[in-house]
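Enquirer: Provide a 3D model corresponding to the input given below.
(2 chains)
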Amino acid sequence: MLTRLKTQVPLFSMNSYTKLGEKLKLSGLSLASTHSHVIRLGRHNSKMAVCIAVIAKENYPLFIRSVPVQNELKFHYTVHTSLDVVEEKISAVGKAMADQRELYLGLLYPTEDYKVYGYVTNSKVKFVIVVDSSNTSLRDNEIRSMFRKLHNSFTDVMCNPFYNPGDTIQSKAFDSIVSAMMVQAS
Amino acid sequence: MAQCVQSVQELIQDSFVPKVAVLCSEDAQKITRKNNLNFSELLRPFCRLTSEGHMRDSNNQVQVVKNLRISVNNVVTRPSVPTSGVHSPAQRRLLSEVVSASQPAEGGVANVITAGDYDLNISDRSVKASVPWYSDWRDTLTELSTSKHYTATTPWFEAYRESFLQSMPASDHEFLNHYLACLLVVSSSEAVPVEQFLKLSQEQHMIQHNGEYTNPKWFIPNTLKYYVLLHDMSQGDEQRADSVYEDMKQRYGSQGCYLLKINSRTAAAGTDEQIPDPWSQYLNKSSLQSQVRRDFVPLPHTNLLQILQVSGLSLDNTHPLQLETAIDMPGSLDCLRAVATETKTTTVYTGVAAGTSHGACLTLNDHNRLRLFIQEFTFRGLLPHIEKNIRQLNDQLVSRKGLSRSLFSVTKKLFGGGKVPEKSIAELKNTSGLLYHPEAPELQIRKMADLCFLVQHYELAYSCYHTAKKDFLSDQAMLYAAGALEMAAVSAFLQGGAQRPYPAHYMDTAIQTYRDVCKNKVLAERCALFSAEVLKSQAKYSDAATLLIKMTSEDSDLCSALLLEQAAHCFINMRNPMVRKFAFHMILAGHRFSKAGQKRHALRCYCQAMQVYKGKGWSLAEDHINFTIGRQSFTLRQPENAVLAFRHILTNDSQQTATQQGAFLREYLYVYRGAFLRESHTVALPQLPLPCINSSATRVYFGHERRLAEGEKQAATHVSLDQEFDQDLAAVWQDLEEQVVAAANRGVVPSTFYPTQCCLNSQTDNLHFPLAVVEEPIIVEVAFRNPLKVPLVLSDLSLLWKFTLKDFSRPQPQDVMVGDAVTITNEKEARLKLLPRQTGQLTILGLVYNLASTPSTGDSTINSNSPSVRGRQDLEIQGPRLNQTKEEKTSVSHGPDRRLDPTITPPMPLLEVFFLQFPTALLCGEIRKAYVEFCNVSHVPLCGLRVASTHPDFFTFGSSSLATPLTPLSPTSFENCSAYKTLATPPGATPGSVTAVTLVSAADFGSGGGGVFGTGGKRVAEIPLGEGTLTPGESTQLPLWLRGPDQEGVHEINFLFYYEGAEKGGKISHRVLRHTVFICASRSLSVRATACRSNTLPEEEGRNGSMLVFVDVENINTSEAGVREFHIAQVSSSSKQWRLHKCINPAENKDCKLTTRERGKLCFRATRSTSKSLEKYTFADLSLGNEQIISSTTPCADFFFRRCQSSESWRPLIAVETQGRHSRSQGAGPGGGAEDITGVVRKCNEVDLDIIVLWKAFVVEDNKQVILEGQLHVALQTIGKEACSLRQKEEAQEMVLLKFKPELPPPMTRPSMEQLSHLIKTNLHYPESYSHSFVQKSLCMIPVILTLSNCSLAQVDAIIDLRHKTTSPESLEVHGSFTWLGKTQYKLQLRAQEVMRLPLRAGFLHAGVYNLGTPRVFAKLADQGAMCETSQQTATPALIIINST
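Expert: Predicted coordinates for the structure are as follows:
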């Protein structure tokens, strides 16, 4: 019984994380490379995220969607851990400057396979987009526009009088916006 | 964070200590062995010097050596460590053993770290929930930074680090681990100790210089030899020892030898003396260490060997690979058992240690001697030796400095030429290949640095390391360079005083070089450990974490796990604690721990991570952690924790897929079964998490399950679990019960009254303990909900209960009905039955059941393979929230709910009621006869049977006093039999003539006498049982007449049967049985009636009692019921004062037939009845057909009276009237106000006559003609006012739901003109035709008598005005031709009900037809002076024909 279960529970792959330290060191480099790398790979859609998450002010998930469904747990962990960085970035901005703070936080941290980007609304709702590291065609501007789109759609969700703030998002419109930004699972 | 017990400085100092070798002679070993120790072990607790030492450096400056520790070891000649840079398996095993032996103290005080929103409970296995979203950040941060309380220790990491550092092999590139000195130990008992010393000295020399042994390594060629003469006080000759020592002093100098006297205690004497055992803490670790080396050093200690075997066993079992396989095979639990014993190894050690008691022969004095010896050795021997060497090296270096460095570089440049770049590349690949000769000048400076470092001269050490580093780098000797870098950084750090900033980049470079260039993981790890500690001490947690994470590798799971854990602790110690990173790295650490076979540590890590994830909505992660915790707990044989963890996965609203849930469930069941199967059954069954029980939805039903029908019989519906609870309905029933109880208790509801509740649910009042009767089942319905996506199978459900006897007779168990297997897919209820056999107090505690998952193959039968476990769930019902007092409003408190705590009372009668031939549809007013059967199914007699109903006018059991009911022949012969009692009309009698007049007292038809009509008992009727009781098992059948409701539509009619036990004073005073019927009433006839005064002469009927009654009957039946036609069979009247006298319009056909939408009019004359009795009703029957229905008997009269009861409420008029009558009987004094007048006036218009229209309807039903009968009632109240059989007004009143004000009393209006115009009735008496010869006498005078009858009961003043009105010219023309003669105006006064005749004379001039009705009558009440007279209603035209002859 135990062996059977072992195969069914996707354990988080540890290998992917062991070289995080190196990656952290290289983060500047990889950012630079994304900027300089202008060549678009033809087969890539310009908008491709592997995981999109909306986190409530109180840091519980409002919405998480990831593309390789079998690895969902891993993305949950990744997104959850990224919240520390988000919080650090927010608190780094002084109280006085908090109003003029830019919503887009940029790259939170890279792991071996993914890059995690963050965005925080004024009401402290966090958006996290995880992108495949191999996808070099995505530039900062495109990530920005993805976040902006996400924010707009989220605002629409909040405006729905039948939506109870704090509930998980089940809006179809939002779902389709997210789907459009995701890599289509092949 | 992993807060160390040592400070960083201490840690590093202790890691690099001067090493001293020991060579021991055989005899000396024997002496030490008495204490179960060898010589180095004997010294170990005393190796730290408590006093300061002093030495002079090369510049002759005094350097203080504080807190120095030396390390004393036996000489081990075999190479222990391959120089490959990775740990040997033995070392790995040792490290793993060290880590697993160090576990957090269970039950110790938990360290709580508050980080942001989280309270983290670290180094304690118990997981503490941390829910508050917002705590005060600022406070937390300051506390975190200032207080030392909020730190965690990780002793396993320290233990690991310690043994890791101890096991560091001595390598060629550094000298810190090389032996500086050698202790040569010889026993004084030796024949010639000096010879022995020589032998040992030679041995040492051979080991060091022979080149045969690469191990151990020696620091300096000229190793310090220190001669120790060991003297056993208990054995040897002390004087001889002293003399030998004197000899030694001469030979080796007083600073090079020592006489150590030990074992001054005889073994026998010392048992009672308590001596501290300083070895125990060292030996637990060191014994392990020596175990690994047992291959190399044959230790003769048998005890120690024993320890080795014990720990060796566990070591084998905890071998990572082996453990993995053990877990993967769930069947091989024996292996796991061995794992579990792992925890006991530490206790085994202590046990052995205690048993062998190291140092048994040593007194405290001996301890002091040892201490003194070490001090002497260090300060007299070692430090001067080091001092000397440093000076030597310094001199060498200084002498060489100017020359050698430059020479070297020049020669390199000269001869090496362009070789330099090539070399660097080559050496990068093959650096470890570059080896300096041990005496190479490049190493001299390093040696000096190491020596300085060892004696804590860090400043000098740093500069030396720095120089050495440069040299090595220029030589591209990377390993050496890395070592120098590392030590340079360390000594820079240890220098303190901030003279030099800590060169962190040195460390980074060193680590990188060790790892990447030299491929030496061990050294890299050591370096990283130091670096991390230093960074932590400088609060650079982020850097430390990065470094630690970087050091994790695939090679060593244990190391990676420990480093990840430390990194996690770093994250939480940051200025802004990164709780989530902490948690995530804890999970990673836990994973690595579990891979390394450190199950307990893995579990601990997961538990700590759990604190962060718990209850934060990250359910996938939470499930994963819980699942892992569960599995780890299970393998660690903590089934309770495992079960608890699995519970969390299953009870959460899981977002996992169905297959995943199924897997979780199976795993849970497996673990659960494994956990609890082995335990004995005496243990209370454990709680199961699934399925969810909605305990507040639990319903409890008391009593048998009812059969709804039994053949033709239809059982009373009563209450059942299938019915939905309806608050309004419950109120109706309670109201009925209250009424019936009041009726049974002479109109008073007893204070102890509490409405019977057969079925308890969340909405009922559950404050009282419900009462259940012995031998009657209690059915509990439990609502299950399955939160999972996979079906659950429950089987063998039964209730758990507790019972306390109240009546102590022989105790008898209760029967528990076991439910069938239930497959729960979503929501389901289960009903469980309990049959109490004794009286007492029962408490239902919960449920016991087997839980299983459905086999995935899909076959519905539950095969025995699918794991099913038995467990319980408690039923705890929280009462409603209290909200009465202020305290209750401000706090949240709940009232009790005693649904599940029934009191079992002694037997009570139990009634069952069956209805026979009970219709479902009736015409309005239709009379039907049905039968009802009462059956006492208990063993106790039953009495006091009553029934209350919401529609008392719907049914009657007949009047018992008259004993009229025809004995029911049998229910089947009903069809052709009329419900009424009839008499055939005498053949000669004309239809419409009065055939019977009966006087009936109302009391006869109210079964309970006056009480029935009293306030409480309006709706209650006693049921006429034969003897008033039903004996056990007896049943009675009674006829029951039903009358269709007057309103069409569907009526819900509730019956509440009330009965009592024959014995009074039980806990239950009465019981009730409910029955609800639905009757569909369809329209039949509509009857309208009006009454008006007849103008016939009063003398005909005595006093002025004559009236005309017009009855309009309309067939309003819509033909869907198949009614062909209605026959008005009879019209009866019932009144206290009036009776129908005669039918005035005898139609040609006898029967009055009405087909659809036809209307018929009947006209009757009514007279005042002759009866003087006020209380009795006169029934008068006017049969229109050929048989007479005796209306004064059951059922007709019954329904009449029942109608009166029910209609009383909507006839307020009568109430006022009676009141008025009442006041008048006291005398209509002059003070009588307007109310009085109203009454008086009204009285004179009042009729109190009820018309009963009895009809027959011919209905075609199934091609058969059926005659239905019925009766309709019309109550005539006022003359001239139409009354109708249908009530319309009532409904309108019922519609008023909201009343904001109490109703105003009806305003005291003066009686209206219309009412006042009925005060006096006038009649003209005259000959209908009169012949008069106007020829003879031109004036014809005719006497006319005007009869004035006072209708009222008061004196009336009347004015009769005979003058012709000149209302219109035409009337003057027509009628003006006659005149009244004589007085034209009379003033009269009429007493109450007086009839006065006023003779008048009319004069006519011509023949013709005249209307005599011209006199105008004005009347007013005599005592109302202020009132003006009112014109009275004129009589009908009175025509007179005057013939002229």
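
Enquirer: Now A:Lys89: which helix or strand?
Expert: Assessed by DSSP states H and E, A:Lys89 sits inside helix A:72-92.

Enquirer: And that helix, what's buried?
Expert: A:72-88, A:90 (16 or more other CB atoms under 10 Å in any protein chain shown). For the C-beta atoms, the positions are set from N, CA and C on the backbone; glycine is no exception.

Enquirer: Let me see the ranges of the helices in chain A.
Expert: Taking DSSP state H to define them, one finds helices in chain A at A:2-8, A:15-18, A:20-36, A:72-92, A:140-159, A:172-181.

Enquirer: make that the stretch 701-850 of chain B, sorry
Expert: B:727-744 (DSSP state H, counting those that start in this stretch).

Enquirer: what about it, any weak spots by pLDDT?
Expert: B:706-711, B:806-827 (pLDDT under 70).

Enquirer: Could you give the backbone dihedrals for the residue of it found nearest chain A?
Expert: Going by CB to the nearest CB, chain A is nearest to B:Val790 of the stretch 701-850 of chain B, at 13.3 Å. Note on B:Val790: its backbone torsions stand at phi -110, psi 150 [degrees, to the nearest 10].

Enquirer: B:Arg666 is in contact with that one, correct?
Expert: No. Contact between B:Val790 and B:Arg666 fails when scored by CB atoms under 8 Å: they sit 9.3 Å apart.

Enquirer: what is in contact with the two at once?
Expert: B:Ser853 (CB atoms under 8 Å, 6 or more residues apart in numbering or on different chains).

Enquirer: start to end distance for stretch B:900-910?
Expert: Counting by CA to CA, to the nearest Å, you get 22 Å between the two ends of stretch B:900-910.

Enquirer: By mean pLDDT, point me to the weakest helix or strand of chain B.
Expert: helix B:320-328 (a mean of 32; mean pLDDT, DSSP states H and E).

Enquirer: Relative to whichever helix or strand B:Leu1276 is part of, what are the paired strands and their orientations?
Expert: Per DSSP H and E: B:Leu1276 is located in strand B:1264-1278. Using DSSP bridges, the strands paired with strand B:1264-1278 in its sheet are strand B:926-936 (antiparallel), strand B:1246-1261 (antiparallel).

Enquirer: related to what we said a few turns ago, worst mean pLDDT among the helices of chain A?
Expert: For those, mean pLDDT drops lowest on helix A:20-36, to a mean of 33.

Enquirer: count of neighbours near the residue nearest to B:Phe1164 when sequence neighbours are not counted?
Expert: Among residues not flanking B:Phe1164 along the chain, B:Val1109 sits closest, at 4.4 Å (CB to CB, 6 or more residues apart in numbering or on different chains). A count of nearby residues for B:Val1109, using other CB atoms under 10 Å in any protein chain shown, gives 26.

Enquirer: ok, now B:Tyr672?
Expert: 25.

Enquirer: helix or strand right after the strand holding B:Leu1276?
Expert: Following strand B:1264-1278 in sequence, per DSSP H and E, is strand B:1283-1284.

Enquirer: Which other helices and strands does that following strand contact?
Expert: strand B:1085-1093, strand B:1264-1278 (3 or more CB pairs under 8 Å, 6 or more residues apart in numbering or on different chains; DSSP states H and E).

Enquirer: same question for whichever helix or strand comes after the first one, mean pLDDT?
Expert: Toward the C-terminus, strand B:1085-1093 is succeeded by strand B:1106-1115 as the next helix or strand (DSSP H and E). This predicted structure assigns strand B:1106-1115 an average pLDDT of 81.

Enquirer: Just give the strands next to strand B:1106-1115 in its sheet, each with its orientation.
Expert: Applying DSSP bridges, one finds strand B:1106-1115 paired with strand B:1085-1093 (antiparallel), strand B:1159-1168 (antiparallel).

Enquirer: contacts for the shortest one?
Expert: Counting by CB under 8 Å, 6+ apart, the neighbours of strand B:1085-1093 from elsewhere in the structure are B:924-925, B:1106-1117, B:1126, B:1154, B:1166, B:1247, B:1249, B:1251, B:1253, B:1255, B:1270, B:1272, B:1274, B:1276, B:1278-1286, B:1321.

Enquirer: Give me the mean pLDDT for that strand.
Expert: 81.

Enquirer: tell me which residues in that strand are buried?
Expert: Within strand B:1085-1093, judged by 16+ other CB under 10 Å, the buried ones are B:Leu1085, B:Ser1086, B:Val1087, B:Arg1088, B:Ala1089, B:Thr1090, B:Ala1091, B:Arg1093.
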